[in-house]
Structures are given as C-alpha cells and as structure tokens.
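Undergrad: Here you go, sequence then predicted model.
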Amino acid sequence: MKTIKVVVAGASGKMGSEALRMIKKHNDLELVGCVDLQHTGMQVKEVEGLPDFDALFYNDINTCLEAVNADVLIDLTSPKVGFKHTKAALLHDVRPVVGTTGFTSEELAELTAISKERQIGAVIAPNFAMGAVLMMQFAKTAAKYFPDVEIIEKHHDQKLDAPSGTAVKTAELIQETRKQKSQGHPEEHETIDGARGADFDGMRIHSVRLPGLVAHQEVIFGGPGENFTLKHDSFHRESFMSGIKFAIDKVVKLTDLVYGLEHLMMD
C-alpha cells in the first residue's frame, strides 16, 4: 500500500482540524506539512486541540511545497486564498483536493487549463458530504418533471460566500435538465429588496446564516397539487471527511481537473 503524502491548508480552522483527525485515522495517509497564518514553525502536536503529528506549520504555500515532498494538497480556506493555493499546488505538481467554494468561472477556467497542460489531477468540490452530492444529482433528475423549484441553503454565520457553492452547483445541475422559466406571478414585486432571494435562471436561491448551523440545504419542487422536497443536513464537519478521503484516493489517478464530486462518484 503506497502512502499518500498530504499537506493541509487551513489546518487550524474547524474544517482543517477535522481533516487532520481524518488523516490520523488512515494508515495510507501521511501528513507532511500544514499551511496556516498561525503557528508558523510549530509542530502540529504542539498546538492545543490538534492531533499528534510532527509535521510543521508554514505561513506560505510555496515555502511549504518547496520544503516538503507532497502528493496531495487539501485546501479548506477561503476563495481568494484557495485559488492561490490551488494554482501553486498545480505548478508544484501536487494534486489539489479543494473544499473551498466561491471560485469565479474565470478562476476555474485558469486552473483547468493548468491542470490539463501539466496533466496533474485536481478535485474541486462545493460539498464533500456524500449525501449532499446525491441530493444534487437527484435534484437534477427531478427538475425534468418539476421545473418550479426553489433552493434554501442554511449555514453558520461565519461563512463568507452566499449563496453557498453547493446551492450554486445544485442550480447549475438543475439548469441542465429544467426547461427555463421565470417562476411566480408575472406581476410579482418585492416590497423589501431581496425578499424573494437570488434569481438564477428563473429559479430562486435563499441563504440563511445563523449560529448553531453547520451546512443544510433543501430543494423544494412544486407541481399541481403536490410538493417534492430533497433535504440534506450536515450536523458535524466529520460528515465531509469521507468525501475528502474518497477524493484523495481518486485524485492521485487523475490527469485533469474535476469540478464536483459527483463526477467521481458516478464513474
């Protein structure tokens, strides 16, 4: 069994620290470095609450990737930083597994081009929870029969992007099978701006941000005399770790960028 050497970016955050605990559970994974603005030069085991690893913290992605021999970068940071990290990883021939959302279409196109040119695999997933990926796929199928649909996504109040990457990805998948239409009454108007949520190709996306939430989404379809609802809840960040491990196992065999875990689950 070949050991996969991993760097984690955002390692001291809630998702990053959960990724460290996931690595600790798998004998085929080895943590070789962490990238974070905090704890530079410290070993992971020296930071309270983190697993017992000897790997060091670095505050710069390029410094880290030049200092360690890595196969995979797990990035769980923010859109701006995540793009920089993903690009740096590809240019260092390290395969990125990215859970950061909010990349622009131009950024995704640039990363895809670099991945293709260098034949280095990459996985960027708006959501690593297996149940959430299945929800998105079922929504795509349902939209063939229920073109009237609204998406409600709910996350913790520290999330930076809205709508969530999962909601946007869901809407994009629905768009592939749904006949385009503007929903609601043609004379509908908002008495308070934003009351009806974001308009994506005629369907509505609503974002909720509250303490106590983790990651939750409902896709509600309406038809004559009936409603059909798909719902997924992540109550703990551990829910994303099986998908990250799955992506790590897949990315080492890829030679291009894959956007969306569903493309790996459905192959």
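TA: Sure thing, it's come through.
Undergrad: Name the SS class of the most far-flung residue of the chain relative to its centre, please.
TA: Of all residues in the chain, residue 187 has its C-alpha farthest from the mean position, at 37.0 Å, by CA atoms, centre = their mean. Of the three states, residue 187 takes coil under DSSP: H, G, I helix; E, B strand; the rest coil.
Undergrad: next one: phi and psi at it?
TA: Backbone geometry at residue 187, expressed as degrees, to the nearest 10, gives phi -100, psi 10.
Undergrad: With residue 16 as the reference, measure out to it.
TA: 49 Å (CB to CB, to the nearest Å). C-beta coordinates here come from the backbone N, C-alpha and C atoms, glycine included.
Undergrad: same check, this time on residue 186
TA: 47 Å.
Undergrad: what residues are up against residue 167?
TA: Residues in contact with residue 167, defined by CB atoms under 8 Å, 6 or more residues apart in numbering, are 151, 153, 205, 207, 217.
Undergrad: Could you find the closest non-adjacent residue to it?
TA: residue 153 (4.2 Å; CB to CB, 6 or more residues apart in numbering).
Undergrad: Do I have it right that that neighbour meets residue 207?
TA: Yes - with contacts counted by CB atoms under 8 Å, residue 153 reaches residue 207, the gap being 5.7 Å.
Undergrad: what residues are up against residue 232?
TA: Going by CB under 8 Å, 6+ apart, the list of residues near residue 232 reads 129, 131-132, 134-135, 216-217.
Undergrad: For residue 233, give me its contacts.
TA: 214-216.
Undergrad: From those residues, pick the one nearest residue 162.
TA: residue 215 (12.8 Å; CB to CB).
Undergrad: Secondary structure element holding the nearest residue to residue 244 once chain neighbours are set aside?
TA: Excluding the flanking residues, the one nearest residue 244 by CB to CB, 6+ apart is residue 128, at 5.0 Å. If you go by DSSP states H and E, residue 128 is not part of any helix or strand.
Undergrad: about what we covered before: the residue farthest from the centre of the chain and residue 23, how far apart?
TA: Per CB to CB, residue 187 is found 56 Å from residue 23.
Undergrad: What of residue 240?
TA: From residue 240 to residue 23 the distance is 13 Å (CB to CB).
Undergrad: can you list the domain ranges for this structure.
TA: 4-124+238-265, 130-235 (automatic domain parsing).
Undergrad: Format the ones you listed as CSV; extra columns: mean pLDDT.
TA: Formatted as CSV, the domains of the chain follow (pLDDT from 0 to 100):
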stretch, mean pLDDT
domain 4-124+238-265, 95
domain 130-235, 94
